[in-house]
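Engineer: got a predicted structure plus its sequence, pasted below:
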Amino acid sequence: MTVVYPSMLLLFIGLPILMLLQFREYRINRQDLMRIGGYWEYEDVRTIFFIKWFLSALLMILSYLFLVLSLAGLTWGEEPIEEDRIGLDIMYVVDVSYSMLAEDIAPSRLGRAREVIRGLSENFPGARFGLVAFKGQATVMLPATEDVYALENALNYLGTEVISSPGTNLEQALRSALDAMPTGSNRNRIIILFSDGEGLDGSVTEPVLQAGRQGIPVYTYGLGDEDGTTIPIGEGRVLRDSDGNPVLTRLDSLALQEVSRISRGRYFEAAMGLGSLDSTIRDLVGQRGRDGFRLVSISRYRLFLGLALLTYVGYIIIRKMKFRGLF
Amino acid sequence: MSGGQWTLENPELLLLLLLLIPLFYFRHLWRGRGGKLTFAFTNWQGKGFSNPVTLPALAYLFSLALSWVGIVLMIIALAGPSRVTRERIFTSRGIDIMFVIDISPSMAARDFIESSRLESAQETILRFIDRRKNDPIGLAIFGSQAALRVPPTLDYEHLKTAVQDLQVMELGEGTALGMGIALGALHLRNSSAAEKVMVLLTDGESNAGEILPEAAARIAKEAGIRAYVIGIGSDREVLLEFTDPNTGKPYRATYQGSLEEDLLRNIAETTNGEYFAVTNPGSLEGVLLSIDSLERVETRLKVEVNKEPVHRMLIVLAFIFVFADYVLRKMLLRELL
C-alpha cells in the first residue's frame, strides 16, 4: 500500500478538534433546549436528544475520516494497462549541488554518477540518452539523442559550475526531465536520478505522479554515506559555514525512496553498483516488450469517497429522522 | 498532443444524483420529518411567528447550499472525472539530419538587404525544423574550429533555441570547413537511422582546420552520410556588420570573398548529395524546401490516449464545503436539532 499524498494525513489533527466542537455543540444545545421550555424535563426527550447527537456526531467524524483517507490517495494492488513499446529512452537527472563534490564514495559523488552513466550508456546501445543537471534550477544539458559522443561531451562539462543558482530543487529537475523526454516516442522511457538527497526542495508529488501516469519510472541512485563528510573545494580546503565550521554532508535517502516508490521505480545505492540498476532496466524493457502491457497502481480514493458520502448522507438522515414521534 | 477533453471513468455513478431528489424531499419538504420542534402557540400568548429575511436566515440558506453542493461534488468525483489528451506516437524511425553552419565573420555580410547571411539562414532553418516531425535534427557550427551545439534530437524546442542563439565569430575568424564536416559526420556515424543527411551551409573558402574538406567528405561518405552543400553569398563587395561575442566590440567593414564552388560541388558529389548556390533569402528557402521534399521517409504512427484524473480538486472543495456548513450552522447559527 502506498500513500501518495502523505501530507494530507496531517488533516487527522482536525479530528480531535471536530470532536471538541461536537461536545461543545451538545452542551450549548442542551442549554438552549432547557431555555425553550419544559421539553428537557421529559426523560424521552433527553434520551432522543442524546441518541441523535451521538449518532450524528459519530457519522460526521467518520465522514471526516473517510474524506481525509480519500484525499491521501491510498493505492494498493496493481492492474495491467496495454502498452506496446520497443527500445529505450533514458533521461539522466544529476544533482550538481556542492555537496556532490564530497568524496565519501570514490572518486566523488558526482564522479560516481558520471561513471554509472557511462557504464549504462555502453550497456544499452541504440538507446537515446538525455542529461538534465539541477541545483536551484534545472537545465537540459543534452536533449535526448542516440549520439554517444555528445553524451560524453556533456558528461565532461557536468560539474557544480554549470548552474549558479543555489539550492537543490528536485521538482524543477523532474519537470525539466519530463519536458525533455521525447514526445511521440514508442520506446520505454525512464528517468534515472542521481543525488545525495540533501536539502531537496520543491514539491515533487505532482511531477512524480505525472511520470507514474505516463509509465515513466524514476529510478533513484543515492550517492554518499550516512555518516557525514566534508566537502572539498580544491587545494585541500573544505567548505565552511559562516562560523568557520566545516560543512558536513550526508546521504538522505528518504525523499529519493519516496520518488521511486510513487513512480514505480526503484531506489539504488552506490554500494549496489551498476549491475542491479542495469538488470532492473533490462527486466523492465523485457517484460514490457514481451507482454505488451505495464502495471499501474490502483488508486482507492473511490472506496473512501463512497464511504464518506454514505456517512454524510447518514448524518443528514439521522438529523432529520423523527424519533418516537417527537423530533 | 491535442487539447484537453473531459471524460468520466464511470458515468453511471452520476445516477446517484437522482437519489438526491428523495433526500432533498426528506430533508426539507416532508411534513413527517424530524429535526424540528412543535409546540403550541399558547405559550407565546397566541402570537404567531413571521419569517423575516434576516442575516441569520440568509446564512442558514447559504450553509444548506454549501452542504448540497458538497454532496454533488462528491458524487461527481466518484464518477472519476479525467482529462484526456491524445498523443501521436511514431512507430517508425525518421532520418537523421545534421545542420553544419559556417559562423565565420563573413556570414554577417548584409548582402541579403534586410538581414545578414546568418540571420536569414537561421530563419530559414527554423522554418525547416517546423516542417519536420519525427526526424532527429542536430546542429554543428564551425569557424576556426568546429563545435557541436545540439546532437541529433527530436527535442525541437531545444534545437530551435540553439539555432536562434547562433552568433558570428563565436569560434574565431577562420573557416575550417573540413573540421565542420568531420564533426558532423562523427556525430551522425553511430546513428541507427536508415538515412543520414548533412546540410552544410558556408559562404567562403576553406582556410583553417587540420582536416581537408575533401578528406572530411570521404569520412562522411564512409559513414553513409549524404551531404547537401549550400554555398551562400556572392563575389561582390558587401557590407559587414557584427558584434564580436568575445569582446562585445562592434565591427563594421566591407568584405569581398569568393565562394570555392568547385570544392563545394566536389564535396556534394563525393557523398552523393547535391550542391546549391544561393544568392538571396528566397532561393535559400527554396533550397531547404527542396531538401525537405527530397528527404522524406514513410512515417507510421498511432495515437495514444492519456488520462489524467482530476477528482482531487473536487474532493478538496467538497471537504471544505461540507465542514464549513457544519461550523456555520452548528457553531455560528447554533442550530438546535
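Structural biologist: On my side now, so go ahead.
Engineer: how many residues are close by residue B:284?
Structural biologist: Counted with other C-beta atoms under 10 Å in any protein chain shown, the neighbours of residue B:284 add up to 22. Heads up, the C-betas are built off the backbone N, CA and C, glycines and all.
Engineer: what residues does the stretch 201-327 of chain A have near chain B?
Structural biologist: A:210, A:213-214, A:299, A:301-302, A:305-306, A:308-309, A:312-313, A:316-317, A:319-323, A:326-327 (C-beta under 8 Å from any C-beta of the partner chain).
Engineer: and the residues you listed, which are buried?
Structural biologist: Buried by 16 or more other C-beta atoms under 10 Å in any protein chain shown: A:210, A:299, A:301-302, A:305-306, A:308-309, A:312-313, A:316-317, A:319-321, A:323, A:327, out of those.
Engineer: counting neighbours, what do you get for the nearest residue to residue B:250 once chain neighbours are set aside?
Structural biologist: Excluding its sequence neighbours, the residue lying closest to residue B:250 (C-beta to C-beta, 6 or more residues apart in numbering or on different chains) is residue B:243, at 4.9 Å. The local packing of residue B:243 (other C-beta under 10 Å) involves 14 other residues.
Engineer: quick check: residue A:141 is in a helix.
Structural biologist: No. With DSSP: H, G, I helix; E, B strand; the rest coil as the criterion, residue A:141 is strand rather than part of a helix.
Engineer: quick one, what contacts the nearest residue to residue A:262 once chain neighbours are set aside?
Structural biologist: Once flanking residues are discounted, residue A:262 sits nearest to residue A:208: 4.8 Å by C-beta to C-beta, 6+ apart. Contact analysis of residue A:208 by C-beta atoms under 8 Å, 6 or more residues apart in numbering or on different chains lists A:174, A:218, A:259, A:262-263.
Engineer: and if you look at residue B:229?
Structural biologist: Per C-beta under 8 Å, 6+ apart, neighbours of residue B:229: B:200, B:202, B:264-265, B:267-268, B:273-276.
Engineer: quick one, phi/psi of it?
Structural biologist: phi -110, psi 130 (degrees, to the nearest 10).
Engineer: against residue B:250, how distant is it?
Structural biologist: Computed as C-beta to C-beta, to the nearest Å, the residue B:229 to residue B:250 distance reads 31 Å.
Engineer: do residue A:243 as well
Structural biologist: 49 Å.
Engineer: which residues of the stretch 1-150 of chain B lie near chain A?
Structural biologist: When proximity is defined as C-beta under 8 Å from any C-beta, the stretch 1-150 of chain B approaches chain A at B:1, B:16, B:23, B:26-27, B:32-39, B:43, B:67, B:70-71, B:74-75, B:77-78, B:80, B:87-91, B:133-134, B:136, B:138, B:148, B:150.
Engineer: give me the buried entries from the residues you listed.
Structural biologist: B:16, B:27, B:33-35, B:67, B:70-71, B:74-75, B:77-78, B:80, B:87, B:89-90, B:134, B:136, B:138, B:148, B:150.
Engineer: what's the strand or helix carrying residue A:61 packed up against?
Structural biologist: Using DSSP states H and E, residue A:61 sits in helix A:43-71. Contact here means 3 or more C-beta pairs under 8 Å, 6 or more residues apart in numbering or on different chains; DSSP states H and E; on that basis helix A:43-71 packs against helix A:14-36, helix A:301-320, helix B:311-326.
Engineer: per-residue confidence for residue 17?
Structural biologist: Picked chain A for this. Listed pLDDT for residue A:17 reads 93.
Engineer: hmm, I had chain B in mind actually
Structural biologist: 95.
Engineer: show me which positions of the helix or strand encompassing it end up buried.
Structural biologist: For residue B:17, the element it lies in under DSSP H and E is helix B:16-24. Residues of helix B:16-24 classed as buried by neighbour count (16+ other C-beta under 10 Å): residue B:16.
Engineer: name the helices or strands packed onto the next helix or strand along the chain from that helix?
Structural biologist: Sequence-wise, the next helix or strand downstream of helix B:16-24 (DSSP H and E) is helix B:55-78. If you count contacts as 3+ C-beta pairs under 8 Å, 6+ apart, helix B:55-78 packs onto helix A:301-320, helix B:16-24, helix B:311-326.
Engineer: could those helices go into a markdown table alongside distance to residue A:122?
Structural biologist: Formatted as a markdown table, those follow (distance: least, C-beta to C-beta, whole Å):
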| stretch | distance to residue A:122 |
| --- | --- |
| helix A:301-320 | 43 |
| helix B:16-24 | 57 |
| helix B:311-326 | 42 |
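Engineer: mind checking which of those helices is nearest residue A:149?
Structural biologist: If you check each of the helices and strands packed on helix B:55-78 against residue A:149 by C-beta to C-beta, helix B:311-326 wins as the nearest, at 44.6 Å.
Engineer: pull the residues that contact the closest one.
Structural biologist: A:18, A:21, A:60, A:63-64, A:67, A:70-71, A:73, A:301, A:305, A:312, B:63-64, B:66-67, B:69-71, B:73-74, B:76-77, B:80-81.
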